[in-house]
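In: Sequence and computational prediction follow.
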Amino acid sequence: MNKSELQQHDREHLLHPFTDFCDLGKQGTRVITSAEGAYITDIDGHKMLDGMSGLWCCNLGYSRKEISDAIYKQLNTLPFYNSFFQCTTIPSIELADALAEVTPAHMNNVFFTGSGSEANDTNLRLIRRYWDLNERPEKRIVISRKNGYHGSTIAGASLGGMSGMHKQFQALDYIEHIQQPYWFGEGGDMSPEEFGVYAARCLDEKIQELGPEKVAAFIAEPIQGAGGVIIPPETYWPEVKKVLDQYEDILLVMDEVIFGFGRTGEWFGADYYGMQPDLMTFAKAVTNGYFPLGGTMISDRVADVVKARGGEFTHGYTYSAHPAACMAGLATINILRNEKIIENVRDNTAPYLAKRWAELAEHPIVGEARSLGLVGALELVKDKGSRARFDDKCSAGGICRDMSIRNGLVMRATGDTMIIAPPLIITNAQVDELVEKARRALDDTAKALA
Ligand SMILES: *Cc1c(COP(=O)(O)O)cnc(C)c1O
């Protein structure tokens, strides 16, 4: 099939995630045909620097034969076996071991799933099981944050705080959403430090309102990814820690689906912020995007209860601990360790990106340029002083994304916030290329909006 035939068949038979199907029909899809290192190429031969690592998952880029070989080899040895009914496989044991090593010291058990959404479903099941076994069945409510993202199953989308998603289904009724730590958008006249404390105190307020005896857990991403790379003010996590320390019996779930496996320059966001979560969701980068795999890491505190007290945990997925997925995970972790990829992000690439990215704040349509580790965001504004946007339809973001792609850089738009999460293997020269292409996209966007 040629390009237009492919687009026609795509339109006729394929429903895409998070897509306006009418829009898709009008524009035609971009057909991505190959990828190498940090670049992807479409069917027209247009090569783009992938500033989003696929969908936050191809952290080692697209050319890691060690991972595809490991998958291939496993598929030819034992392509599938389940871990139900007292069975296990060697790759699943080895990956569980490796995860216990690279995650925080107090987390030594894993429950495998097929995706991040499923892992958050598992978290809800584990939370309930934990409090039931502790004879605290009244602890049922999970507190989450507005504009958080925790996946797209009913549980994942209920935990998430995306209002556009909530409008299209009936969310679970035992999840409560609080203020997000989005200073640029919602901080008003407060300083970032003040606002960070304020947003964390909202957790305390909600716990008081609901009654601490009813609150089972608090779930949050270390940094909101899909919500627009919302890096909380430095005061936020220390204050959340204070709030939770006050109660002791509210579980902390950190959803590390984006920030796990090195994106902050530490193995996990929990390491970066010095937090001790009870459960930690992972997916995406665990296999470098080469094979679907997710899971949740379980703290000793929770494992001691759910493992020791007996009785069947009536939960699991056919593809929990899929052997080929586990081999992909092992190969990925081996590369991260052997090549000191995460240390290089921390000591080299992240500081370099921070310096270069910050220069974009000078651009006339940029209200804020923020970054941490290997994520960054640009807030597009019409007026820097008042942080006023161009319009309420977020057209600036859409234009800037299209201009960026035309200039050979994949940036994503979340409303009028442009976001990047380049592969961890990006070189400083490629960071220069990324910033120059982003600057050109901003120039073109300013022209188009003028
Ligand atoms: C992507 C994402 C998920 C959902 O993962 P899927 O594999 O798409 O189900 C959950 N949480 C966060 C923070 C994510 O970014």
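Out: Cool, the structure landed.
In: Nearest the middle, which residue of this structure would you pick?
Out: I258 (2.7 Å; CA atoms, centre = their mean).
In: In space, what's closest to that residue - neighbours in sequence excluded?
Out: G225 (3.9 Å; CB to CB, 6 or more residues apart in numbering). (Glycine included, C-beta is placed from N, CA and C.)
In: Quick check: phi and psi at that neighbour.
Out: phi -90, psi -70 (degrees, to the nearest 10).
In: Just give me the neighbour total for it.
Out: 23 (other CB atoms under 10 Å).
In: From what I see, the residue nearest to the centre of the chain and E221 are in contact.
Out: Yes - I258 is within contact range of E221, at 6.8 Å (criterion: CB atoms under 8 Å).
In: Report the closest residue of the stretch 51-200 of the chain relative to the ligand.
Out: G116 (2.3 Å; CB to the nearest ligand atom).
In: Next up, phi/psi of that residue, please.
Out: The phi/psi pair for G116 (degrees, to the nearest 10) reads phi -70, psi -40.
In: If we ignore the residues flanking it in sequence, what's nearest it?
Out: Using CB to CB, 6+ apart and skipping residues adjacent in sequence, the residue nearest G116 is A283, 3.4 Å away.
In: before we move on, the earlier item: which residues does the residue nearest to the centre of the chain contact?
Out: I258 makes contacts with W56, E221, I223, G225, A226, K284, A285, V375, A421, as judged by CB atoms under 8 Å, 6 or more residues apart in numbering.
In: now swap in L95 and tell me
Out: Applying CB under 8 Å, 6+ apart, we find L95 in contact with V110, A321, C326, M327, G329, L330, I333.
In: Now, these that are in strands?
Out: V110 (DSSP state E).
In: Could you identify which of the contacts of L95 has the most neighbours?
Out: Looking at the contacts of L95 with neighbours defined as other CB under 10 Å, the largest count falls to G329 at 32 neighbours.
In: which residues touch that residue?
Out: Applying CB under 8 Å, 6+ apart, the residues near G329 are L95, A98, L99, V286, T287, L293.
In: at 7 Å what do you get?
Out: For G329, the contact set (CB atoms under 7 Å, 6 or more residues apart in numbering) comprises L95, V286, T287, L293.
In: Those residues of the stretch 51-200 of the chain touching the ligand, which are they?
Out: Contact residues (CB under 6 Å from any ligand atom) of the stretch 51-200 of the chain with the ligand: S115, G116, S117, Y149, H150, G151.
In: biggest separation within those, which pair?
Out: By the measure CB to CB, S115 and Y149 form the most distant pair in these, at 13.1 Å.
In: out of the two, which sits in the busier spot?
Out: Under the neighbour definition other CB under 10 Å, S115 and Y149 were set side by side, and Y149 has more, 25 against 21.
In: for A96, what are its contacts?
Out: Counted by CB under 7 Å, 6+ apart, A96 has contacts V110.
In: Please save the CA atoms from the helix or strand hosting it in PDB.
Out: Here A96 sits within helix 90-102, counting by DSSP states H and E. C-alpha atoms of helix 90-102 as PDB (Å, rounded to 0.1, in the frame of the first residue of the first chain):
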ATOM      1  CA  ILE A  90      13.300 -18.200  34.900                       C
ATOM      2  CA  PRO A  91      13.000 -14.700  33.300                       C
ATOM      3  CA  SER A  92      10.300 -13.600  35.800                       C
ATOM      4  CA  ILE A  93      12.400 -14.600  38.800                       C
ATOM      5  CA  GLU A  94      15.500 -12.900  37.400                       C
ATOM      6  CA  LEU A  95      13.600  -9.700  36.700                       C
ATOM      7  CA  ALA A  96      12.000  -9.700  40.100                       C
ATOM      8  CA  ASP A  97      15.500 -10.000  41.600                       C
ATOM      9  CA  ALA A  98      16.800  -7.200  39.500                       C
ATOM     10  CA  LEU A  99      13.900  -4.900  40.400                       C
ATOM     11  CA  ALA A 100      14.400  -5.600  44.100                       C
ATOM     12  CA  GLU A 101      18.000  -4.400  43.600                       C
ATOM     13  CA  VAL A 102      17.400  -1.200  41.600                       C
END
